[in-house]
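[1] One predicted model, sequence on top.
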Amino acid sequence: MFRTSTRQLAQCARLSLRPLASPAYRAARFPRRVPAATALLLPRFNSTNPQRPNDEDEKHSPRKHEKENEKEKEKESGLEKDDSTNDLPKADSSAPKPQRKLPPGFVLLDEEEHKLLEQFLGALPSQQQKGQMEEIFQDVKQIGVPEELRDLLRAKKAGQLSMMDALKIPRIAFRMASELAELENRKHPNFTSNKPGEQEEAGPREGEQKEAEGQQKLSPQERFRQRQERKKREQKGQKGTPPPPPPPRRLELGEILSWAVGMAIFYPLYSMIFPSSTSREITWQELRSTFLDKGLVKKLIVQDKRVTVELNREAVRSTYPDSEAATANIQYYFSIGSIDAFERKLDEAQRELGIPTAERIPVSYASEGLAAGLLMAFGPTIMIVGLLAWMSRRAGGMGGGSSGMFGFGKSKAKMFNHDQAVKVKFSDVAGMDEAKTEIMEFVSFLRTPERFQRLGAKIPRGAILSGPPGTGKTLLAKATAGESQVPFYSVSGSEFVEMFVGVGASRVRDLFATARKNAPCIIFIDEIDAIGRSRSEGGGFRGGGNDEREATLNQILTEMDGFNTSEQVVVLAGTNRPDVLDQALMRPGRFDRHINIDRPTMKGRQDIFKVHMAKILTKEDIEYLTGRLAALTPGFAGADIANAVNEAALIAARANAETVQMIHFEQAIERVVGGLERKSLVLSPEEKRTVAYHEAGHAICGWFFRWADPLLKVSIIPRGQGALGYAQYLPSGDAYLMTVNQLMDRMAMTLGGRISEEIHFPTVTTGASDDFKKVTRMATTMVTQWGMSEKVGPLHFSQDQNQIQKPFAESTGQMIDAEVRRIVDEAYKQCKDLLTAKKAEIGIVAEELLRKEVLTRDDMVRLLGPREWPEKEEFTKFFDNRNGKKAAPPPFPTENTDSPMEPQPGMFERNTDVER
Ligand SMILES: Nc1ncnc2c1ncn2[C@@H]1O[C@H](COP(=O)(O)OP(=O)(O)OP(=O)(O)O)[C@@H](O)[C@H]1O
């Protein structure tokens, strides 16, 4: 049950009629014909009028009233026509005599009703609004009000406002607004009727129309001000050119919506924040002494913890004629603790006053406010409608044409103009000479297409640049655009993929259309595997998502087919997974060039270091520095190198150094590889001792095994995630082949930590778990993939985790297990033999490590004497302390663990497989 307080209904009514007083509404002249706002709303409200059969209805027929109005206007303007066609109804003798004919369905109010209306609409917050309201009252006296409003006022007077009454209010407001606007037009000296047929008689003048156009651009406040000034001038009887009328203005759907949304949402908020200024809080005692005891209380309305007092105004007026309480727009209320206590108190008071039970003051209980109720009911719908209208407007504003309602279909490609952004040249791309040579052809094609066309050669449409992340694929594509001096469009494959099917394809269309317009140019699609995956892959598993991807891919295929040979649009694509790409993409005529960009070699890394060093302030010998850093960073891609150089500059800046020095670069590499030092991690003395002996075990192995990687640094400072200490070696780096001897030494060295613990401590720790993982994996690969077990023989069994069935028989599996165990056992024995023999040396290194925490190669030479095996050339060149340069061996670029990088199964294949 929806119970509503009269006060809330009155508030709602006031709200709905308030727009009439707003400058925007009042100043907005309605167009000559039916105004858009009313045209939208009135037909619905009045649609049944013309069909009313009886006389009463006929009296209210809009056509009839139109005629009446026409006649009235003619009288006023002195253009009276022949009356013979007029069949006006006789004026209602009971109503006060109007000065003019009333609009259809309008009635005049009597004095009391006028007062009520004034109270009803009064209490506006601003002076300006009050002024406008007075104007409205004047107008209302002339044109009356809709009959429904008069009924409402009467209902209000009788305290019988219902929910349905409240819902009528916006309609009444619109009707009044339209009639008031009409009246406004009539008042104007240059008035022309809204009615069809009269338009030609007095159409707006040319100058006025121009003025009107100008006025349309003014804000409602400005228009209102201008109107006020004009009125003043008219009152003063100013002569001269009459000022132009305000322009006809069409309220658009969006405006009406925002108006409605504003009305439905903001007012309740507004009234919550600024409660009506006519409410006065009183105390229970005041209520008793002032009203209750004098029998002035008509009704009490309880809502939540607030009780509104409805007074018997007539009685109040006679008791307190000069008090504010005599005016109807003062509402008194008081707060209560609980309803029970209030009822008790009221009962008591009435008993004391001797009011008989039958005549006791009625108390009604109101639920939530009407405004809140309305807001709850219509708010979400209005908000959604408003939001949709706003979004579609915005979409329209984007001029998206093909881009769809919300601009989804628009390509996200960024345009890099060669003048502004693409300044990258081939000289900025180091260490991929073969790839550069391949792609150079596109540059020549874009620069001098005639050279190729003359001989009838077709230019490749595109190239796929594949390779590990950060190897410079995007950079190479950009350099191609920079060298060719053409625009460059770059977009990521994932940007085509959207929730909605068809959006990706639409974006592809948009991208290619833009590219064609700006040809010659280069399109670069990064991570093309996001859309270019083989269509057979995954099949039905992926469901709907696949459709969108396939549609996008098909669109790319179509677009690439659609180029004619003379169209100078080159499509380059980057991917880390060329193996998953759809074959249709790779066929000649589409991405017919496949350029593989691998991680750089030692020389490549040195060149990349040089490129990035150029931006850094350093006084080091660049040749030596870059050579040394390149030797330290096998496996680094171009992006890692760029990052390390930048990190070095940051470290130098943090240290307030003048220039970036070798030590900064080394620290940067160490940080990139091993993670941050964790100085906050404090180990107990026993733990530290164990870590020191563990690391010393690795270091001794690395020092004495012939095929082990040369040791650079041992540390027991925790770093990164979970590494309590680490030993660094200069790995074989760019060596693409490893012998069984090297593998065995490496495995033995990896086991050195645990074996050292076994030799020196009564028990062992968990610290060697990662070492075991590496050793097991290495041994397994030797047996199953590298054919290094005589028993298993030259067979290759791939280690696919997802494979349910093992690719070998049970007996072979047992054989593999036995062989893996044998190899690990051999490595274990090899290490144990060495470390048992070198127990004293382990102790020396471990104790020194406990003292200094970090030992370099020089320390090792000092403690153990020079290593007896010949070192690699690059090692001696950059890391031996020969030519007077201090060699502080930095880290080695693998995981932050204490054993060297294990060779990856595919590592050798990649470089030796002639078929690839
Ligand atoms: N060969 C190189 N020469 C100079 N700088 C390079 C080279 N390769 C990479 N870089 C640096 O690494 C950054 C990132 O490279 P880029 O974005 O081209 O890698 P990518 O191969 O496209 O990576 P992804 O596959 O992750 O998209 C470049 O901006 C550049 O600073």
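    Yes, it's here.

[2] buried sites along stretch 805-812?
    Thr812 (16 or more other C-beta atoms under 10 Å). Where you see a C-beta, it was placed from the backbone N, CA and C, and this is true even at glycine.

[3] Can you tell me what sits against it?
    Contacts with stretch 805-812, where a contact means C-beta atoms under 8 Å, 6 or more residues apart in numbering, come from 792, 795, 797-798, 813, 816.

[4] Need the buried ones from those selected in PyMOL.
    Per 16+ other C-beta under 10 Å, the buried members of these correspond to this PyMOL selection:
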select buried, resi 792+797+816
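
[5] And the contacts of stretch 805-812, which is the shakiest by pLDDT?
    Least confident entry in the contacts of stretch 805-812, by pLDDT: Ser798, with 76.

[6] The residue of the chain found nearest the ligand: what's it in contact with?
    For the chain, the residue closest to the ligand is Gly638, as judged by C-beta to the nearest ligand atom, at 2.1 Å. By C-beta under 8 Å, 6+ apart, Gly638 lies in contact with 430-431, 470-472, 475, 600, 608.

[7] what stretches of the stretch 401-550 of the chain score poorly on pLDDT?
    Along the stretch 401-550 of the chain, the model assigns pLDDT under 70 to residues 401-421, 498-502, 535-547.

[8] swap in the stretch 101-250 of the chain?
    101, 119-134, 136, 159-170, 174, 181-250.

[9] Repeat the analysis, applying 80 as the threshold.
    Of all residues in the stretch 101-250 of the chain, those with pLDDT under 80 make up the ranges 101-105, 112-145, 148-149, 152-250.

[10] what's the burial count for Gly144?
    23 (other C-beta atoms under 10 Å).

[11] show me the residues around it that make contact.
    Contacts of Gly144 (C-beta under 8 Å, 6+ apart): 98, 102-103, 106-109.

[12] one more time with 7 Å
    Counting by C-beta atoms under 7 Å, 6 or more residues apart in numbering, Gly144 touches 98, 102, 106-109.

[13] Got a ChimeraX select line for the buried ones in those?
    Remark: buried members of the contacts of Gly144, expressed as a ChimeraX selection using 16+ other C-beta under 10 Å:
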select :98,102,106,107,108,109
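
[14] among the contacts of Gly144, which are in strands?
    Among the contacts of Gly144, the members found in strands (DSSP state E) are 106-107.

[15] Restricting to the contacts of Gly144, which residues neighbour the ligand?
    Contacts with the ligand are made by none of the contacts of Gly144, judged by C-beta under 6 Å from any ligand atom.

[16] could I get the contacts of Gly144 as JSON lines with distance to Arg280?
    JSON lines is the format used below for those (distance: C-beta to C-beta, whole Å):
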{"residue": "Pro98", "distance to Arg280": "38"}
{"residue": "Leu102", "distance to Arg280": "38"}
{"residue": "Phe106", "distance to Arg280": "35"}
{"residue": "Val107", "distance to Arg280": "34"}
{"residue": "Leu108", "distance to Arg280": "33"}
{"residue": "Leu109", "distance to Arg280": "28"}
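
[17] and this structure, which of its residues are near the ligand?
    Counting by C-beta under 6 Å from any ligand atom, the chain sits next to the ligand at 429-432, 469-475, 526, 574, 576, 608, 611, 638-639, 642.

[18] Show me the contacts of stretch 805-812 that map onto helices.
    813, 816 (DSSP state H).

[19] Show me which of the contacts of stretch 805-812 is closest to Gly532.
    Proximity of these to Gly532 (C-beta to C-beta) peaks at Ser798, which lies at 24.9 Å.

[20] who touches that closest one in this structure?
    Per C-beta under 7 Å, 6+ apart, neighbours of Ser798: Pro807.

[21] so how far is Thr784 from it?
    8 Å (C-beta to C-beta, to the nearest Å).

[22] again, but for Thr739
    18 Å.

[23] Could you do Lys156 as well?
    93 Å.

[24] So between Thr739 and Thr784, which is more surrounded?
    With neighbours defined as other C-beta under 10 Å, Thr739 and Thr784 compare such that Thr784 has more, 23 against 11.

[25] Next up, phi/psi of the closest residue to the more buried one other than its chain neighbours, please.
    Closest residue to Thr784 apart from its sequence neighbours, by C-beta to C-beta, 6 or more residues apart in numbering: Phe797 at 4.4 Å. When quoted as degrees, to the nearest 10, the phi and psi of Phe797 stand at phi -120, psi 120.

[26] dump the residue contacts of Phe797.
    784, 807-808.

[27] would JSON lines of those residues with distance to Glu286, secondary structure and pLDDT be doable?
    As requested, the contacts of Phe797 are exported to JSON lines (distance: C-beta to C-beta, whole Å; DSSP: H, G, I helix; E, B strand; the rest coil; pLDDT from 0 to 100):
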{"residue": "Thr784", "distance to Glu286": "96", "secondary structure": "helix", "pLDDT": "89"}
{"residue": "Pro807", "distance to Glu286": "95", "secondary structure": "coil", "pLDDT": "78"}
{"residue": "Phe808", "distance to Glu286": "98", "secondary structure": "coil", "pLDDT": "81"}
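
[28] export these to CSV and tack on distance to Lys458?
    Formatted as CSV, the contacts of Phe797 follow (distance: C-beta to C-beta, whole Å):
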residue, distance to Lys458
Thr784, 46
Pro807, 44
Phe808, 49
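
[29] from the residues you listed, which is closest to Leu388?
    Of these, the one sitting nearest to Leu388 (C-beta to C-beta) turns out to be Pro807, at 57.9 Å.
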